[in-house]
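Peer 1: Here you go, sequence then predicted model.
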Amino acid sequence: MKEKTISAANRHKTILSVILAVVSIVYVLPVLAVVINSFKQNTFVKTDTFALPTGEMNAGFSNFVKGMTFGNYPFVNSVLYSVMITLLSTFLILLCTSMAAWYIARVDSLFCKAVYFLCVFSMVVPFQMVMFPLSKTADKLHLNTPWTIPVVYLGFGAGLAIFMFVGFVKAVPLEVEEAASIDGCGPVRIFFQVVVPMLKPTMISVGILEIMWVWNDYLLPVLVLDINKYRTIPIHIQYLKGSYGTVDLGATMALILMSIIPVIIFYLSCQKYIIKGVAAGAVKG
Amino acid sequence: MKSKKKNATNSLQKATRRWGFLFMGPVLIAFIIGFVWPFIQGIWLSMCQFRLISDAKFIGFGNYVKTFQDASFRHAFWYTAMFAVVSLVIINVLAFIVAYILTLGIKGSNLYRTVFFMPNLIGGIVLGYIWSMIFDGILGRYQTSILLESKYGFWGLIILMCWQQIGYMMIIYVAGLQNVPGDILEAARIDGATSMQTLFKVTIPNVMSSFTICMFLSLTNGFKLFDQNLALTGGQPFIIQPGGTTIKTTEMLALNIYNTFYSSNTTSQGVAQAKAVIFFILVAGLGLLQLSYTRKKEVQQ
């Protein structure tokens, strides 16, 4: 009797495993479609979307070559701007918000409570609420270049990062910092030499959330940056579409492929941290 | 001993306060530029008529009246609400099923988890173009396109969002399911509960907090959706109403606000800002409402 239920359970598991395997294959098909269409002549992308690029449909690497200068803007530039803006913004957010969060968690004052409340409040405010005044303010303060836009990201993204850091710092016992203080360590040294090493796991979580946000963000940079000069990858891809019907789908898919390959490599190599970071960020409610 | 410890805490706090400008300064300046000031300005501008912020004229609640009279905004509201509810149900049901199967200990769980989560890392604009190619590849065989019928646009966006979000919600459900104490599952089994009874009477009540988080997230994600909407259909197909107003049938709230801001109409900026304020109240209110509602249902532990 017991053996029967065990073998039934095993059979169940095998069936479920097969179902999930099939679903997983369906799940990667869209990415596969991008791959095959990036090697296809433009005219066949619409008519034979799911056919392999064989015979006259095969475009070789011409879509990739064309893609480099497609849309009257060098693709390499948008990659460079995307990388630069993402790295600078993430670094700035991690540094500044962790400092502020430690201060808020450790200093007991009305001012800190008010700032913390504002941070939590900012998390429920959609970007559309502030986008118009924000883009004008950013213009006026000359924050409209890839080198200065990280300040805007710091400002709009501070809420979530501070919220996550404060939650973590509050769970860290004070004793270590007090011991360091008794040994004659000032607050700045305590923060950088004692607190920051303990914050490392949270730094990774917050950092990954910020990287994913800034890298994929479209609306904020398109409103703040001068898009004739500076385009990030999402802006570049959106602007390929210029006027309806004229877009070269083969070259678009080649660009999309080139822009998601680094993301997938990043994902596969830090998968553990990414999933952990996302789960940590989600539990903000 | 105790007072000595308190002294150390106090003196550390005092010393830290002296460095307040360094710890708080950079964030405060950026926070004011990037959030506080635009937010205040946004509320003020929603009651003004303006083209540029410098020539804003106070006109009271006229923009709000115009917003409620705007047929395209009302359409976008109902369209967004419907989209948010439908996507909430489908995404959460599927994500929970996948998470439940993955925690049964079948072979290859890690690989499946990796695959299901992957679309999350691809940005909304790129996702929109990938799926518009796929949908047009399919619909093209029937001589139609995702841009020609609003029902294709609606379900297309649902499919896209499922593809992107199921993996994300799944991660949260897996974390919740792994935290269900093994002994109560064991107790249910010994008491003779069937696996269905165990699932609905023991497991699900114990992962209610995960449901709270996921439903909150998918509802607000649905309401705030912009990039995917812009890239997949951009609001097409358009319908011109008898009165002359154009309704973009697949346009959601965020895109409607964006289009109102950056339209060629010189008086629409104030209306757009009023729409944005209503949008903010809606998103913030929904989140709070749902949180307080689902928190009540959670199992007290």
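Peer 2: Done, it's in. Just so it is clear, the model here is predicted, and its values are computed rather than measured. Residues are numbered from 1 along each chain as shown, chains lettered A, B, ... in the order given.

Peer 1: Could you use CA atoms for every contact and neighbour count after this?
Peer 2: Will do.

Peer 1: And the residue in the stretch 151-285 of chain A positioned nearest to chain B, how far from B:Q269?
Peer 2: Proximity of the stretch 151-285 of chain A to chain B (Cα to the nearest Cα) peaks at A:G155, 3.9 Å away. Relative to B:Q269, A:G155 is positioned 24 Å away (Cα to Cα, to the nearest Å).

Peer 1: So for stretch A:152-170, mean pLDDT?
Peer 2: For stretch A:152-170, mean pLDDT is 89.

Peer 1: Return the distance of that stretch from the chain's centre.
Peer 2: Stretch A:152-170 sits 16 Å away from the centroid of its parent chain (Cα atoms, centre = their mean, to the nearest Å).

Peer 1: If we go by neighbour counts, what in it is buried?
Peer 2: A:152-169 (16 or more other Cα atoms under 10 Å in any protein chain shown).

Peer 1: Next step: those residues restricted to helices.
Peer 2: Members of the buried residues of stretch A:152-170 lying in helices (criterion: DSSP state H): A:152-169.

Peer 1: Now for A:L209, how many residues are close by?
Peer 2: 21 (other Cα atoms under 10 Å in any protein chain shown).

Peer 1: One more: the one 4 residues further on?
Peer 2: By the other Cα under 10 Å criterion, the neighbourhood of A:W213 contains 17 residues.

Peer 1: Just the pLDDT at it, thanks.
Peer 2: 89.

Peer 1: what sits against it?
Peer 2: Neighbour list for A:W213: empty [criterion: Cα atoms under 8 Å, 6 or more residues apart in numbering or on different chains].

Peer 1: State the helix or strand in which it lies.
Peer 2: According to DSSP states H and E, A:W213 maps onto helix A:196-216.

Peer 1: okay, that helix in CSV with CA atoms only?
Peer 2: The C-alpha trace of helix A:196-216 is given here as CSV (Å, rounded to 0.1, in the frame of the first residue of the first chain):
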residue,chain,number,x,y,z
VAL,A,196,30.2,49.3,5.5
PRO,A,197,31.8,45.8,5.8
MET,A,198,28.7,44.6,7.7
LEU,A,199,26.4,46.2,5.1
LYS,A,200,27.9,44.3,2.2
PRO,A,201,25.0,41.8,1.6
THR,A,202,22.5,44.6,1.7
MET,A,203,24.8,46.7,-0.6
ILE,A,204,24.7,43.8,-3.1
SER,A,205,20.9,43.6,-3.0
VAL,A,206,20.3,47.3,-3.3
GLY,A,207,23.0,47.6,-6.0
ILE,A,208,21.4,44.9,-8.1
LEU,A,209,18.0,46.5,-7.8
GLU,A,210,19.4,49.9,-8.8
ILE,A,211,21.4,48.4,-11.8
MET,A,212,18.2,46.7,-13.1
TRP,A,213,16.2,49.9,-12.7
VAL,A,214,18.7,52.3,-14.2
TRP,A,215,19.8,50.0,-17.1
ASN,A,216,16.2,49.4,-18.3
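
Peer 1: Quick check: next helix or strand after it?
Peer 2: As assigned by DSSP H and E, the chain's next helix or strand after helix A:196-216 is helix A:219-224.

Peer 1: Just read off the phi/psi values of the residue of the stretch 101-250 of chain B found nearest chain A.
Peer 2: Of all residues in the stretch 101-250 of chain B, B:G123 sits closest to chain A, at 4.5 Å by Cα to the nearest Cα. Torsion angles at B:G123 (phi, psi; degrees, to the nearest 10) stand at phi -70, psi 160.

Peer 1: now B:D70
Peer 2: Dihedral angles (degrees, to the nearest 10) for B:D70: phi -80, psi 110.

Peer 1: How much space separates it from chain A?
Peer 2: Between B:D70 and chain A the distance is 18 Å, computed by Cα to the nearest Cα, to the nearest Å.

Peer 1: Helices along the stretch 201-301 of chain B, start to end?
Peer 2: Along the stretch 201-301 of chain B, counting by DSSP state H, counting those that start in this stretch, helices occupy B:204-206, B:208-224, B:227-232, B:253-261, B:268-297.

Peer 1: Just want the angle from the top helix by length along chain B to helix B:253-261.
Peer 2: Ranked by number of residues, the top helix in chain B under DSSP H is helix B:71-102. For helix B:71-102 and helix B:253-261, the angle between their directions (axes from the mean of the first three to the mean of the last three Cα atoms, to 10 degrees) works out to 150 degrees.

Peer 1: quick revisit: could you tell me the least trusted of the helices of the stretch 201-301 of chain B?
Peer 2: Across the helices of the stretch 201-301 of chain B, helix B:268-297 has the smallest mean pLDDT, namely a mean of 81.

Peer 1: how much does it deviate in direction from helix B:253-261?
Peer 2: Angle of helix B:268-297 versus helix B:253-261, following the same axes, to 10 degrees, is 160 degrees.
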